[in-house]
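Undergrad: below is the structure, and that's it, no one-letter string:
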Ligand SMILES: [Ca+2]
């Protein structure tokens, strides 16, 4: 507005001057010069704006990096917690990795506590970007592996720890799934438990509820249960075949899982990013949502005591 007023002022003066001095031409030249200057200034402002946007983006990336670098929350050694539900109800409501020691567990371990969705969830598996290899042997799945530092780090808590954790009482399993189209689904199971080493970490779970369909107990069709029900199955890895199939499911499907003959869910499969083609259906599969030939974007498997009541402070 100011610049426009200046133009009009110069133009008016020029006209007045032109009557007496016949300098109309030089006035127009002055106007053109000023217009060119304005264009130059506008260009510089635009350049600065682009620079600001770029700097803001860099700052955002830095922030998310620092947030991701270390999510381990150290509460000291004053109190021992059996799971994330206890940690939550002791007043620690921030999601992150906490140390815990289930009742029968011989030692402490780190697990991610998801304090959203009511809080108190102990995460035992996460897939988020394919950064960790899940095609591993029995010992790895037994002990646990992956990234136990970053918020979105991929990991398997370990069958041993999963046994100690779920054997403490009546636990609910919740599975959060998302696809590459931005949709989210959940599957929840009552009475989730993983047996001990002697029982090859056999899976048991109860009634399904949710939006993703029942791909863990083959509840989507009565005729598929004989091969698709993972309930009651022992854990299998490529070096320990405990499945009901004449071949080796874990080897063909390149994952450790409670394979039957072989699966309607394989959340430890290969990170393919959506629709895929392969020799076998070895992607991150949840059959009742996307079938065998779609590998999901993210998975979180977590547990919480069934009788959990958030302590609202
Ligand atoms: Ca077999």
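TA: Sure, I can see it. It should be emphasised that the depicted structure is a prediction, and the values quoted were computed from it without experimental measurement. Residues are numbered from 1 along each chain as shown.
Undergrad: ok, residue 131 - contacts?
TA: 147, 153-154 (Cβ atoms under 8 Å, 6 or more residues apart in numbering). The C-beta positions use only the backbone N, C-alpha and C, and glycine is treated the same way.
Undergrad: just want the most central residue of this protein.
TA: With distances taken as Cα atoms, centre = their mean, residue 128 lies nearest the centre of the chain, 4.5 Å away.
Undergrad: just give the nearest non-adjacent residue to that residue, would you?
TA: Excluding its sequence neighbours, the residue lying closest to residue 128 (Cβ to Cβ, 6 or more residues apart in numbering) is residue 152, at 4.4 Å.
Undergrad: do the same with residue 212
TA: Residue 212 sits nearest to residue 185 (Cβ to Cβ, 6+ apart), 3.6 Å away.
Undergrad: do residue 191 as well
TA: Spatial nearest neighbour of residue 191, excluding adjacent residues (Cβ to Cβ, 6+ apart): residue 206 at 3.7 Å.
Undergrad: phi, psi of the residue in the stretch 1-150 of the chain that the ion sits nearest to?
TA: In the stretch 1-150 of the chain, the residue that lies nearest the ion is residue 138 (14.2 Å; Cβ to the ion). Residue 138 has phi and psi values of phi -50, psi -50 when expressed as degrees, to the nearest 10.
Undergrad: and the closest residue to the ion within the stretch 51-200 of the chain, what does it touch?
TA: The minimum distance from the stretch 51-200 of the chain to the ion, using Cβ to the ion, falls at residue 200 (12.8 Å). Neighbour list for residue 200: 234-235, 240, 242 [criterion: Cβ under 8 Å, 6+ apart].
Undergrad: hmm, which two among the residues you listed are most spread apart?
TA: Farthest-apart pair in the contacts of residue 200 is 234 and 240; separation 8.7 Å (Cβ to Cβ).
Undergrad: what packs against the helix or strand hosting residue 139?
TA: Per DSSP states H and E, residue 139 falls inside helix 138-143. Packing partners of helix 138-143 (3 or more Cβ pairs under 8 Å, 6 or more residues apart in numbering; DSSP states H and E): helix 159-166.
Undergrad: how about residues contacting the helix or strand immediately after the helix it packs on in the chain?
TA: For helix 159-166, the succeeding helix or strand toward the C-terminus, using DSSP H and E, is strand 171-178. With contact meaning Cβ under 8 Å, 6+ apart, strand 171-178 is reached by 117, 121, 165, 184-193, 205, 210, 212, 216, 267, 286, 289, 296-306.
Undergrad: swap the cut-off to 6 Å and go again
TA: Residues from elsewhere that reach strand 171-178, judged by Cβ atoms under 6 Å, 6 or more residues apart in numbering: 184-190, 192, 212, 286, 296-306.
Undergrad: next one: the residue of the stretch 51-200 of the chain closest to the ion from residue 237, what distance?
TA: Note on residue 200: its distance to residue 237, by Cβ to Cβ, to the nearest Å, is 10 Å.
Undergrad: before we move on, back to that, out of the contacts of residue 131, who has the most neighbours?
TA: Counting neighbours by other Cβ atoms under 10 Å, residue 154 comes out on top of these with 21 neighbours.
Undergrad: ok, back up a step: which of the contacts of strand 171-178 are buried?
TA: Neighbour counting with 16 or more other Cβ atoms under 10 Å marks 185, 187-189, 192, 212, 286, 296-305 as buried within the contacts of strand 171-178.
Undergrad: mind listing the strands in the stretch 151-300 of the chain by residue range?
TA: Listed in chain order, the strands of the stretch 151-300 of the chain (DSSP state E, counting those that start in this stretch) span residues 155-156, 171-178, 184-194, 203-204, 208-210, 265-266, 274-275, 285-286, 294-295, 298-305.
Undergrad: as CSV, those strands with distance to residue 143 and mean pLDDT would be great.
TA: As requested, those are arranged in CSV below (distance: least, Cβ to Cβ, whole Å; pLDDT from 0 to 100):
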stretch, distance to residue 143, mean pLDDT
strand 155-156, 9, 98
strand 171-178, 21, 98
strand 184-194, 14, 98
strand 203-204, 18, 98
strand 208-210, 29, 97
strand 265-266, 21, 97
strand 274-275, 31, 97
strand 285-286, 25, 97
strand 294-295, 26, 98
strand 298-305, 17, 98
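Undergrad: in JSON lines, list those strands along with distance to the ion.
TA: Formatted as JSON lines, the strands of the stretch 151-300 of the chain follow (distance: least, Cβ to the ion, whole Å):
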{"stretch": "strand 155-156", "distance to the ion": "21"}
{"stretch": "strand 171-178", "distance to the ion": "25"}
{"stretch": "strand 184-194", "distance to the ion": "20"}
{"stretch": "strand 203-204", "distance to the ion": "16"}
{"stretch": "strand 208-210", "distance to the ion": "26"}
{"stretch": "strand 265-266", "distance to the ion": "15"}
{"stretch": "strand 274-275", "distance to the ion": "28"}
{"stretch": "strand 285-286", "distance to the ion": "19"}
{"stretch": "strand 294-295", "distance to the ion": "23"}
{"stretch": "strand 298-305", "distance to the ion": "24"}
